[in-house]
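Asker: Okay, sequence plus prediction incoming.
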Amino acid sequence: MNWKTATELGLKPRRGGATGRALILALAAACLWSRPATAVARAVCAGPRVAYDYPLVLKGPPAVRGARVRGFAAYSCRAGVWRQVPTQVEEVNAQGDYVLADGLPYTKNTDDGWFDANDELVLDGADLGDDFTAVDVPATLAGESGSWKVAFCRAGHLAGHLLITTGSTPRPWLGKSAVRFDQAQAEIRTALYDYAFRKDHPALLGEVALRHGKQSVPILSASKFLMPLRTPFFFPDLTFRADDFTSRIESWQSGPLRTIVAVGVEYRAFLSLYKLHLFSELVFYRNRFAVPTVIEFVFDPSRYLEAGSGLAYSLKFASGQAFRVTSNLPALPALPPDTAVQAALTRTAPSDFRVSGRGASGAFLVDVHVGERARRLAPPPFLIDQQAFTAKAYQDAWPWLKELRGDLGLYLDFSRIPAGVYDFGLDLLLSPKADETFTDYGSVNTDWQALPIHN
């Protein structure tokens, strides 16, 4: 049995290309980093079966490359009863952009309809079923061109199995969709949360509310973004704000398991050198959403900028909400930027960057991601706590804190990195349970076993 590395799951895909950069220089979520999940060897996937209540995104698994994109189906067997479960396939074109068909479909028909290494197969861990053999599979479920028994391993324990089939004839999912997108109201709705895009700047993080039965309880109400730049003495220091770009919802695509919304961004500032049109692709699932971000520096920050130049982002909790925030990120210190950045560069960074909040209305986890190149060259982001937003010692060291304000923030210093493209992003996981632990999120591997084709 050949257990694939967890990067096959594609939970943090890069989005890039001439039309699809998430934003050159900055976006709201650009302070948040990403890393691939830890690989799990087959030899240690022998523990008792455990549940995995998260979406599964398989990035171009080799077993099904060359299959028709519209011919996928998935089935789960529990207590001897087979049922179809939802599956979704999204094409990703050669430029790294999702192929979206609705709204202003800039990327529609930019791929070929065949599943390849770029494309993504989406499933749900909550649908995983029992083990089975080839003789257990009813002939009516077999795929026209192939059938596979797929085992899922989570942190050394078996999470469950699915039957995945391919063919030329689509077997549509007739059940409900896990995510609904109201284009007119610019809102995402699931059974667990509501997400309202900001009307003024939908590229920035919008309002988030948790659902408790029929009641919707707001937990995040506002966000703010700044890009302070400290330049050599012969240039003035600069600060760029959200008002320096405009954005609007342009393209989208919905399926049974997730909705992708592409927000067009026009960046008008930076000494009037750049007037760009790009889009950022937000991906929403039933209990989490992902904001992949690519930052491209067309100049060399390490030559032209001083410590204290970076991306700063703050969140404000909804009125009446309070969360106990814990994180393994270093706290922004009340020290001069040169001292703080140098200390961060010499510190051993954790393998996972996380920020969690727990309150009476529920819990959230920000799973912070960083691409390999950025992790190697840049310091980890700093966590900004409430004290840092208001205390004079912090504001003397970091003057932009007076303008940022909020309940929780992050700052990423990019003054020491060279020109190039860097992958950043976040996953925000949500739960109505105040004591949610979000254990082992992302650490899943797969094993594909081809089954005989029924004639």
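Answerer: Sure, I can see it.

Asker: Let me see the domain layout of the protein.
Answerer: 44-176, 180-431 (automatic domain parsing).

Asker: T439: which of those domains is closest?
Answerer: For T439, the closest of the domains of the chain is domain 44-176, at 8.2 Å, according to CB to CB. In this view, the C-beta of every residue, glycine as well, is placed from N, C-alpha and C.

Asker: packing partners for the lengthiest strand in the chain?
Answerer: If you go by DSSP state E, the chain has its longest strand at strand 215-229. Applying 3 or more CB pairs under 8 Å, 6 or more residues apart in numbering; DSSP states H and E, one finds that strand 215-229 contacts strand 207-212, strand 238-241, strand 310-317, strand 362-370, helix 401-404.

Asker: Tell me the spacing between A419 and A159.
Answerer: 42 Å (CB to CB, to the nearest Å).

Asker: Which of those two has more residues huddled nearby?
Answerer: Between A419 and A159, counted using other CB atoms under 10 Å, A159 has the larger neighbour count: 24 against 13.

Asker: so that one touches V50, yeah?
Answerer: Yes - contact criterion CB atoms under 8 Å: A159 and V50 qualify, at 6.3 Å.

Asker: Tell me how many other residues surround the closest residue in space to G255 that isn't next to it in sequence.
Answerer: Excluding the flanking residues, the one nearest G255 by CB to CB, 6 or more residues apart in numbering is Q88, at 3.9 Å. Using other CB under 10 Å, Q88 has 23 neighbouring residues.

Asker: Would you agree L210 is in contact with G357?
Answerer: No - L210 lies out of contact with G357 (CB under 8 Å); the separation is 11.5 Å.

Asker: which stretches of the stretch 251-400 of the chain aren't confidently modelled?
Answerer: For the stretch 251-400 of the chain, the stretches flagged by pLDDT under 70 are 267-279.

Asker: Could you report the separation of T140 from A450?
Answerer: 19 Å.

Asker: which residues of this protein fall in helices?
Answerer: For the chain, the helices defined by DSSP state H cover 301-304, 337-346, 372-377, 386-390, 392-397, 401-404.

Asker: Most tightly packed of these?
Answerer: Among those, ranked by average contacts under mean count of other CB atoms under 10 Å, first place goes to helix 401-404 (a mean of 18).

Asker: contact partners of that one?
Answerer: 224, 226, 239, 312, 314, 384, 388-389, 394-395 (CB atoms under 8 Å, 6 or more residues apart in numbering).

Asker: Kindly reformat those as JSON lines containing distance to T110.
Answerer: Shown next, in JSON lines, are those (distance: CB to CB, whole Å):
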{"residue": "K224", "distance to T110": "35"}
{"residue": "L226", "distance to T110": "35"}
{"residue": "T239", "distance to T110": "37"}
{"residue": "A312", "distance to T110": "35"}
{"residue": "S314", "distance to T110": "36"}
{"residue": "I384", "distance to T110": "39"}
{"residue": "A388", "distance to T110": "44"}
{"residue": "F389", "distance to T110": "43"}
{"residue": "Y394", "distance to T110": "47"}
{"residue": "Q395", "distance to T110": "47"}
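
Asker: quick check, nearest of these to Q183?
Answerer: Nearest to Q183 among these is K224, at 26.2 Å by CB to CB.

Asker: what pairs with the closest one across the strands?
Answerer: Applying DSSP bridges to K224 gives these bridge partners: S314.

Asker: just checking, it touches A242?
Answerer: Yes - using CB under 8 Å, K224 makes contact with A242 at a distance of 7.1 Å.

Asker: Look at L25 and report its pLDDT.
Answerer: On pLDDT, L25 comes in at 36.

Asker: How about K4?
Answerer: pLDDT, read off for K4, is 32.

Asker: Could you check how far stretch 360-367 is from the centre of its chain?
Answerer: On the basis of CA atoms, centre = their mean, to the nearest Å, stretch 360-367 sits 16 Å off its chain's mean C-alpha point.

Asker: Show me which residues of that stretch are buried.
Answerer: Neighbour-count burial for stretch 360-367, counted by 16 or more other CB atoms under 10 Å, picks out 361-367.

Asker: ok, those residues vs T246, which is closest?
Answerer: Nearest member of those to T246, counting by CB to CB, is V366, at 26.0 Å.

Asker: isn't the closest one right up against G425?
Answerer: No - here V366 lies out of contact with G425, judged by CB under 8 Å, at a distance of 10.7 Å.

Asker: ok, the spatially most central residue of the chain to L404 distance?
Answerer: With distances taken as CA atoms, centre = their mean, A290 lies nearest the centre of the chain, 2.6 Å away. A290 sits 24 Å away from L404, going by CB to CB.

Asker: Kindly report the same for K108.
Answerer: Counting by CB to CB, the gap from K108 to L404 is 39 Å.

Asker: same check, this time on P452
Answerer: 61 Å.

Asker: Equivalent analysis for L430, please.
Answerer: Taken as CB to CB, the span from L430 to L404 is 24 Å.

Asker: for D237, same thing?
Answerer: 15 Å.

Asker: Give the residue spans of the stretch 1-150 of the chain that score low on pLDDT.
Answerer: 1-44.

Asker: now with 50?
Answerer: Within the stretch 1-150 of the chain, the ranges that satisfy pLDDT under 50 run 1-43.

Asker: now the strands: where do they sit in it?
Answerer: 55-59, 73-78, 81-85, 88-90, 102-103, 120-124, 146-154 (DSSP state E, counting those that start in this stretch).
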